[in-house]
Structures are given as structure tokens and as C-alpha cells.
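> this is the structure alone, sequence omitted:
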């Protein structure tokens with residue numbers, strides 16, 4: 001029978017956590033150390049909610065207890081939300097409860113990642129407007145959560161120049177809608193033309209760097225991922241890792257974290273580095289990813 005950690009009394013929760021195994025504890029200790037050592041320094045660790053998808057899918061974790069889980073189970077004090085886990089649209093009341101929970105446990109809500117229900121870069125103007133209205137509602141939710149960023153995508157297929165035109169129009173419209181809030185829009189490299197750093201940088205410049213930034217993901221590039229990261233960093237306001245498996249030395253087997261972090265360290269980027277672990281052991285994998293980032297960052 002699976003344990004729903006969010007339903008346990010605090011004392012029992014902690015007792016079970018302490019009995020969860022030395023590997024998980026070691027990973028959690030590394031995250032605590034990373035957070036403690038990094039006060040007032042260049043980077044902070046944050047948690048991408050997709051790292052916990054396996055636990056959410058099997059019912060072990062209620063998304064409405066996400067901030068508490070991140071702090072108590074993983075020692076992480078910055079969290080990023082994925083709208084996929086809160087559809088249909090989260091209510092403002094839900095957002096306020098999550099914000100209060102985050103404040104209670106000393107967690108900072110950083111960002112909301114929107115779904116692809118509507119395309120901001122659709123060729124049809126009415127479809128783009130529907131997307132603008134839809135994402136503006138998520139922007140209001142992000143504001144209620146106290147988040148700094150709303151993450152969106154521009155991934156529709158089509159002609160390179162035309163898709164740049166459509167993405168510029170749609171994302172500019174969304175930025176206009178959110179200008180009265182404290183929420184900034186970030187577009188991520190994920191699919192389609194957004195995997196091309198030159199295209200993505202041009203999009204930022206067309207919308208306006210003061211209105212639009214980038215979330216740079218370690219793995220989502222066509223071509224050399226290290227060159228891609230270097231190209232995106234001038235407009236990057238948040239970084240997202242990718243990890244699946246680790247070798248005996250704790251290195252990720254598909255991405256050279258040292259090489260990637262050296263590139264980031266050489267840039268002017270400051271801010272959150274989000275953990276996005278996509279393997280089969282969420283608690284262990286999140287801990288190992290955070291430790292690996294910390295090993296190579298220049299704080």
C-alpha cells in the first residue's frame with residue numbers, strides 16, 4: 001500500500017522520512033547544504049514540479065501540498081509549478097492556499113509553467129487571442145501565488161519567419177495583459193523553432209528584453225547543447241537542468257554538468273537553477289541532481 005506523505009501528521013511524516021533510506025537522506029542532506037551555503041550568493045536551487053510527476057501520478061503526492069513536500073521531504077525552499085497538475089484552471093482560492101502554505105514552510109513560489117492548451121504563436125489571430133486570454137488567467141494565478149515568472153512556449157510548426165511573426169504578436173499581447181502585475185513572461189527552449197537559439201533570441205529582441213526573458217533548459221536544443229546554452233544566457237532569467245541517470249561518481253550520464261555549469265558560471269546569470277529529474281527514483285534523483293549542480297557552481 002502506497003503512503004500518502006501529505007496526509008501524515010508532522011511527527012509521523014518526519015519519522016518515516018528518517019527511515020526512508022540512507023541514499024535518499026544523503027541526497028536530501030546535500031540539498032540542505034546547498035541551500036544553507038548559498039545564502040545571499042549567486043545561485044539558488046529550485047524544484048521543477050515535473051520532477052515529482054511519478055509521485056503525483058500514483059497518488060503519493062497531492063499537488064495542493066507541493067510546497068510543504070518540497071521543504072519537508074527534500075529541503076528545497078524554491079518551487080516552480082506546472083499547470084498540467086492543476087487543470088482545469090486552478091482557482092484563485094487554491095492559489096491563495098498554496099501561497100499561505102509556502103509562507104508557513106518558508107518556501108518561495110518562483111514560477112508557473114503553462115500547458116499547451118492554446119498556442120500563443122498560432123497563425124490565426126483569433127486563436128492567438130484565445131491563447132492570450134487563457135495564459136493571462138494563469139498569469140493572475142501566478143501573481144496570487146507570489147511567483148515572479150510565467151513560463152510559456154512557442155512551438156507551433158510552420159515557416160521560420162512566419163512563426164517568429166506570430167510568436168512575437170502572441171507573446172507581446174500576453175506581456176501587455178500582464179503589465180499591471182509583477183509577473184514576467186519567460187519563453188523556454190522546448191520544441192519546434194524554440195530549439196534554435198538564434199530564433200529564440202530574435203524573438204526576445206522583437207518582443208523587448210525588458211518584457212520577455214528566457215528559461216534555458218539544459219537538454220532542449222537542436223545541435224550542440226553546450227553551445228546552445230551559451231547562446232541563450234544573455235537573455236536567460238532562469239535555468240532548468242535535465243537529469244535521468246547517474247554513474248558511480250554521481251555524474252549524470254547524458255549531460256556533462258561540469259561543462260554546462262562552467263558555461264553558466266562564465267556568464268552574468270544569477271538566479272534559480274531548477275532541478276528537473278525525469279528518471280524513475282524522484283527523491284534520490286532530485287537529491288543527486290542538486291548535489292551535482294552545487295558541486296560545479298561558482299557561488
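Structure received. Every value quoted in this text rests on a predicted model; they were computed, and no experiment measured them. Numbering: from 1, shown residues only.
> and the next helix or strand past the helix or strand where residue 203 lies?
Assessed by DSSP states H and E, residue 203 sits inside helix 197-207. Once the chain leaves helix 197-207, the next helix or strand it forms, by DSSP H and E, is strand 212-217.
> what's in contact with that following strand?
111, 149, 151, 171, 175, 184-190, 200, 203-204, 229, 232-233, 235-240, 242, 276 (C-beta atoms under 8 Å, 6 or more residues apart in numbering). C-beta: built from backbone N, CA, C; applies to glycine.
> could you pull out the buried residues of whatever helix or strand comes next after it?
Using DSSP H and E, the helix or strand that follows strand 212-217 in sequence is helix 225-232. Buried residues in helix 225-232, counted by 16 or more other C-beta atoms under 10 Å: 225, 226, 228, 229, 230, 231, 232.
> which elements pack onto the helix or strand following helix 225-232?
Downstream of helix 225-232, the next assigned helix or strand under DSSP H and E is strand 236-240. For strand 236-240, the packing partners by 3 or more C-beta pairs under 8 Å, 6 or more residues apart in numbering; DSSP states H and E come out as strand 149-152, strand 184-188, strand 212-217, strand 271-275.
> okay if I get those as a markdown table plus mean pLDDT?
What follows is the helices and strands packed on strand 236-240, written out as a markdown table (pLDDT from 0 to 100):
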| stretch | mean pLDDT |
| --- | --- |
| strand 149-152 | 98 |
| strand 184-188 | 97 |
| strand 212-217 | 98 |
| strand 271-275 | 97 |
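> can I get the ones you listed in CSV with mean neighbour count and distance to residue 251?
Shown next, in CSV, are those (neighbours: other C-beta atoms under 10 Å; distance: least, C-beta to C-beta, whole Å):
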stretch, mean neighbour count, distance to residue 251
strand 149-152, 26, 28
strand 184-188, 22, 25
strand 212-217, 24, 19
strand 271-275, 25, 15
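> for residue 80, find the nearest of those strands.
Closest to residue 80 of the helices and strands packed on strand 236-240, according to C-beta to C-beta: strand 271-275, at 5.6 Å.
> tell me what the closest one is packed against?
strand 43-48, strand 78-82, strand 236-240, helix 282-296.
> any chance of JSON lines for these, columns mean pLDDT and distance to residue 161?
Conversion of the helices and strands packed on strand 271-275 to JSON lines gives the following (pLDDT from 0 to 100; distance: least, C-beta to C-beta, whole Å):
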{"stretch": "strand 43-48", "mean pLDDT": "98", "distance to residue 161": "32"}
{"stretch": "strand 78-82", "mean pLDDT": "97", "distance to residue 161": "31"}
{"stretch": "strand 236-240", "mean pLDDT": "98", "distance to residue 161": "24"}
{"stretch": "helix 282-296", "mean pLDDT": "98", "distance to residue 161": "37"}
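> got the ones you listed as a markdown table, with mean neighbour count and distance to residue 119 columns?
Shown next, in a markdown table, are the helices and strands packed on strand 271-275 (neighbours: other C-beta under 10 Å; distance: least, C-beta to C-beta, whole Å):
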| stretch | mean neighbour count | distance to residue 119 |
| --- | --- | --- |
| strand 43-48 | 25 | 22 |
| strand 78-82 | 25 | 18 |
| strand 236-240 | 23 | 21 |
| helix 282-296 | 23 | 30 |
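> of the ones you listed, which approaches residue 255 most closely?
Comparing the helices and strands packed on strand 271-275 by C-beta to C-beta, helix 282-296 comes nearest, at 9.6 Å.
> just want the angle from that closest one to strand 43-48.
Inter-element angle recorded for helix 282-296 and strand 43-48: 160 degrees (by axes from the mean of the first three to the mean of the last three C-alpha atoms, to 10 degrees).
> buried set for the longest helix seen in the chain?
Looking across the chain with DSSP state H, the single longest helix is helix 125-145. Of all the residues in helix 125-145, those buried under the rule 16+ other C-beta under 10 Å are 127-128, 130-132, 134-136, 138-145.
> which SS class is residue 94?
Three-state assignment for residue 94 (DSSP: H, G, I helix; E, B strand; the rest coil): helix.
> with adjacent residues omitted, what lies nearest to it?
Distances taken as C-beta to C-beta, 6 or more residues apart in numbering put residue 64 closest to residue 94, at 6.7 Å, once the chain neighbours are dropped.
> may I have the phi/psi pair for the one you found?
Here is the backbone geometry of residue 64 (degrees, to the nearest 10): phi -80, psi 0.
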